[in-house]
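Undergrad: Predicted coordinates and the sequence they were generated for:
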Amino acid sequence: MINVMRTQTKKGATHMRKIYTVILAVMFALAAGAAIAQEYPAKPINLIVPFAPGGASDVVARIISPLMSKELGQQIVVDNRAGASGNIGVAYAARASNDGYNVLLGNIGTMAINPALFKKFPVKPVRDFVAVTQVVDAPTALVLHPSIPAKTVKEFIEYAKARPGKLNFGTAGPGSNGRLEMELFMDYTGIDLVHVPYKGGAGAAAIGLLSGEVQCGFQTLASVITHVNAGKLKVVGIAAQKRIAALPDVPIMPELGYESMKSGSWQGVYVPAGTPAPIVNRLFAVMTRVMADPGVVKRLGDSGIEAVTSKSPEEFAAFMKNENEKWAKVVQKVGVVMD
Amino acid sequence: MRSVGGNRDFWAGLMFAGIGGAAMFIARNYPFGTTLRMGPGYFPQVLGGLLLLFGLYVMARGLRRSERIKGPWSVRALIALPLAMVLFGILMGSLGFIPALAALIFLSAAAGREFKFVEVLWLALLLTLLSVSLFVWGLGLPYPLIKLP
Amino acid sequence: MEMFQHLFFGFSVALSIQNLLYCFIGCLLGTLIGVLPGIGPLATIAMLMPITFNLPAVSALIMLAGIFYGAQYGGSTTAILVNLPGETSAVVTCMDGYQMARQGRAGVALAIAAVGSFFAGTFCTMLIALFGPPIAEMALKFNSPEYFSLMLMGLVAAAVLAQGDMAKSLAMVTLGLLLGSVGTDVDSGWARFSFDIIELTDGIGFVVVAIGVFAVGEIVSNLGEAEERQVFTSKVGTLFPTVEDVKRSIGPIIRGTLLGAFFGVLPGTGPAIASFSSYMVEKKVAKDPSRFGHGAIEGVAGPESANNADAQCKFIPMLTLGIPASGTMALMLGALMIHGIAPGPTVMTKNPDLFWGLIASMWVGNLMLVLLNLPLIGLWVSLLKVPYRLLFPAIMVFSSIGIYSVNNSPFDIYLTAAFGLLGFLWLKLECPPAPLMLGFVLGPMMEENLRRALLISRGDPTIFLRRPISLGFVVATVLIVVLMAAPVMRKKRGSITG
């Protein structure tokens, strides 16, 4: 009798040991999972900016990185990798480690327009990055030189229709979002304007506009607002989702019927594909808090940039895909080809 | 006529002509456009052609006048210095700042006439310390000091 | 009278302890940045921007501005000492400044550079104060046709003034123009000469060429000397300029300042143009042009004043009209906007403390820089006494780090190495590098403006003649060719070596 009982106890003990082992293993796994998510970040994080210091992306990066550092408890290092319309930085970020220590500040150019322009470029943002969230939008405006006697978009269209091929619009280059936006607009309205590119970015094009060399163009509000306030330039329409506080009397393009022109030059945060979901979610939460900070909002606002965040990483991914498709159509229609 | 080998203007001219010709060749398929509506190929082709002409002129002049290339030069320096820089570039990306600096300093020093190992070592230590304090700690440039492969 | 009231007010702002401190920090940092090749005021200002968020706007701007013009002072230091241009605009200073250093006159060169720069800074401060807005308005009249004609004139003048071997100088200019065309074409997006290397689609960086050709090429050449000859003569002369030196420098300083102010105000010109044109002008008016390239002090005094004037006057369009004349100015503009200040015609009335405070502090900054740099001359000159075999690896280190720091790109380093080889080749084949640098800088801008002017005029070439300013430059160009060609022809016929 006692023998049987002892054997039974031994079997039961092994059983119990097995169960304990399983429970312990699960606990460890949970703890480890929590530990990974909590240990991150354990060292400084690279914020890769694919443009040179001083540009719009760089300014945004420098405005948000101090607060990001505070929220994450680790230093954020702004890493400028400029060149090839941002492609050099994007390529670098795509190859970087996907452990959450490399974050890319992408924008409309690098993430939505370049894939259509640079067909040979091997990195495809939709495939090679995980979208975290949008961070800003720099609304673009349809700017006119005073020599054009139009006060609204409608008047401008009439004026332009009467002079096909006579008016010039200035841009930062053949593949720039200013150019593509104008092409989209010309497609909607049937007007015919001549494209005049400027090297040296948006600043150079704004100068051309001021001097009257070109008579119109889509420029980021930030680069022209001082001139508008001084009466040197006119804004007749803004590509944004709601009216801009600085120019409350100017209608936004969706109001006038241009549904798809509701964002300007946007920027967002990305991580390389394969970054674990807990890290993506952590970054999402941090960025949402950072972009809601009143100091950040004010500083961006003073530069004409709006802090905008997505409702979720998935929403941003969908937005980006949408943008990709929209601009791919425009690029194809216009026939721009960049090697 | 003296040998062409050391003929300064011959080689100068040859270099110009060579580059000019190469430029024209490479740019041969770029859209040329017209003078009033220039394409991307216009300037490269025109400049390449001009360079070719200048080069031929200088070559011919060199053969006529035969001025010599002056002075000795150090093949060692010619190889070691660019190599040192290239190595620096490679190592910055792969092994980090300190190995890159070490390679640069040692290889550069090797380009010179004298090479006293201990002296170079001290120099390397000093320069590395200076660079790290100045650039990484001082200016905050994001260079990893040593990256283990 | 009102002007003095404004300036007085400005000084009261600039001379506050806090602003003096920030001015000093900015100037010190700027000098340091200028001395180091590659890393320039743009990157530094960008990096320091977050720190300025919590500073009052005036102090922030004073510090950032100090960095900017401080870099001009620093850039010429290494250009003179070791043929290493710390800033783009310092390339011209290399040409005669370094030769002066080799002759034991580094101290003199540095001193004259500092004094010339100070004069230029003072002049420009007055200019901004008195004529700021009207000058900026005038600058807006320059469009693509004017820029093209202006640059064409500059290029032709350079070609005609070519020293010594005309054919090789012209060839080098052409080569420079050709090198400048590497990269993506602005009009069409076509990638030229990029060989599918992504880094080449933006063209070749000026710093890469300058450092490769001047610094590295020079080192390779020096190491080839047969005997262990001193690169720098051990007989280091007096550290101070002689009366003769000062007399010779007055003209160039004045002319350089005026030229620099002119180019500084025009938004579309690049950094090196002011110093290049000053060099050319000085060569032209000198009684003995053959001294240039061998340590003529005018070749340092003029360009140094010009590039400081250029740097200061770039603030004019930015402050008074909100037009950034360069990337760094665009950044300053951004910094101002972040602080809630919108530069433009209203800034003088809405933020007088900022405007006048900044102007006054620019003068204070220049003064600080002179006081900072003059005593350092002794230190720099003694550095030259270090045996060359220890000095040149240090030059290599700073050059390499500098180049790498521009865009964290190993490719830039490889390219510099290649230009080092080329630079040495050109030294040996006696092909002057200065015309190449000029062509390299002007080429892309000329092409861009030419094509844009023709685009705007819809293919009508008379646009260059119909616009008055442009016509003026075209006429000047023709005159230069005619006036220069005649005596040259006569000289050629007369001389034996031609």
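TA: The structure has been received and is ready for your questions.

Undergrad: Can you tell me how far residue C:100 is from chain A?
TA: Taking Cβ to the nearest Cβ, to the nearest Å as the measure, residue C:100 falls 34 Å from chain A. Where you see a C-beta, it was placed from the backbone N, CA and C, and this is true even at glycine.

Undergrad: tell me the contacts of that residue?
TA: If you count contacts by Cβ atoms under 8 Å, 6 or more residues apart in numbering or on different chains, residue C:100 has them with C:80, C:106, C:108-109, C:295, C:297, C:300.

Undergrad: Tell me, how many residues neighbour residue 71?
TA: Picked chain A for this. 17 (other Cβ atoms under 10 Å in any protein chain shown).

Undergrad: actually it's chain B I care about, not the one you picked
TA: 11.

Undergrad: show me the contacts for the closest residue to it other than its chain neighbours.
TA: Spatially, and ignoring its direct neighbours in sequence, residue B:71 is nearest to residue C:224 (6.8 Å; Cβ to Cβ, 6 or more residues apart in numbering or on different chains). Neighbour list for residue C:224: B:71-74, B:77 [criterion: Cβ under 8 Å, 6+ apart].

Undergrad: Could you export these to TSV, including columns for distance to residue C:200?
TA: Formatted as TSV, these follow (distance: Cβ to Cβ, whole Å):
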residue	distance to residue C:200
B:71	34
B:72	35
B:73	29
B:74	30
B:77	27
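
Undergrad: Tell me the buried residues within those.
TA: B:73-74, B:77 (16 or more other Cβ atoms under 10 Å in any protein chain shown).

Undergrad: for the residues you listed, which one is nearest chain A?
TA: In terms of Cβ to the nearest Cβ, no member of those lies closer to chain A than residue B:77, at 31.2 Å.

Undergrad: Can you classify the closest one as helix, strand or coil?
TA: The local conformation at residue B:77, judged by DSSP: H, G, I helix; E, B strand; the rest coil, is helix.

Undergrad: Name the nearest residue to it, ignoring sequence neighbours.
TA: residue C:223 (3.8 Å).

Undergrad: surely the one you found meets residue B:110?
TA: No. Counting by Cβ atoms under 8 Å, residue C:223 does not reach residue B:110; the two are 10.7 Å apart.

Undergrad: More neighbours: which of the two?
TA: Ranked by neighbour count (other Cβ under 10 Å), residue C:223 and residue B:110 place residue C:223 first, with 23 against 17.

Undergrad: Give the full set of residues in contact with that one.
TA: Per Cβ under 8 Å, 6+ apart, neighbours of residue C:223: B:74, B:76-77, B:81, B:111-113, C:392.

Undergrad: what are the phi and psi angles of residue A:275?
TA: Backbone torsions of residue A:275, given as degrees, to the nearest 10, read phi -70, psi 130.

Undergrad: Let me know the pLDDT of it.
TA: On the pLDDT scale, residue A:275 is placed at 91.

Undergrad: Surely it touches residue A:100?
TA: Yes. Residue A:275 is within contact range of residue A:100, at 5.6 Å (criterion: Cβ under 8 Å).

Undergrad: Distance of the residue nearest to residue B:71 relative to residue A:243?
TA: Noted for residue C:224: a distance of 70 Å to residue A:243, by Cβ to Cβ, to the nearest Å.

Undergrad: okay, now residue A:297: neighbour count?
TA: Using other Cβ under 10 Å: residue A:297 sits among 15 other residues.

Undergrad: cool, residue A:245 as well?
TA: 8.

Undergrad: what do you get for residue A:216?
TA: 25.

Undergrad: Show me how chain B divides into domains.
TA: B:8-65, B:75-138 (automatic domain parsing).

Undergrad: Say whether chain A is contacted by the longest helix along chain B.
TA: Longest helix of chain B, by residue count under DSSP state H: helix B:42-65. No. Helix B:42-65 stays clear of chain A (Cβ under 8 Å from any Cβ of the partner chain), getting no nearer than 14.1 Å.

Undergrad: So, low pLDDT: which residues of chain B?
TA: B:1-4, B:148-149 (pLDDT under 70).

Undergrad: For it, which segments are assigned as helices?
TA: B:8-26, B:42-65, B:75-94, B:97-110, B:117-131.

Undergrad: For the longest one, C-alpha coordinates in CSV please.
TA: Just to be clear, that refers to helix B:42-65. This file holds the C-alpha atoms of helix B:42-65, laid out as CSV (Å, rounded to 0.1, in the frame of the first residue of the first chain):
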residue,chain,number,x,y,z
TYR,B,42,24.8,71.1,-74.0
PHE,B,43,27.3,72.5,-71.6
PRO,B,44,29.2,69.2,-70.9
GLN,B,45,29.7,68.6,-74.7
VAL,B,46,30.7,72.2,-75.4
LEU,B,47,33.0,72.4,-72.5
GLY,B,48,34.4,69.0,-73.2
GLY,B,49,35.1,70.0,-76.8
LEU,B,50,36.8,73.2,-75.7
LEU,B,51,38.9,71.3,-73.2
LEU,B,52,39.9,68.9,-75.9
LEU,B,53,41.0,71.8,-78.2
PHE,B,54,43.0,73.5,-75.4
GLY,B,55,44.6,70.2,-74.6
LEU,B,56,45.7,69.5,-78.2
TYR,B,57,47.1,73.0,-78.4
VAL,B,58,49.1,72.7,-75.1
MET,B,59,50.4,69.3,-76.2
ALA,B,60,51.6,70.6,-79.5
ARG,B,61,53.2,73.6,-77.8
GLY,B,62,54.8,71.2,-75.3
LEU,B,63,56.4,69.2,-78.1
ARG,B,64,57.7,72.4,-79.6
ARG,B,65,59.2,73.9,-76.5
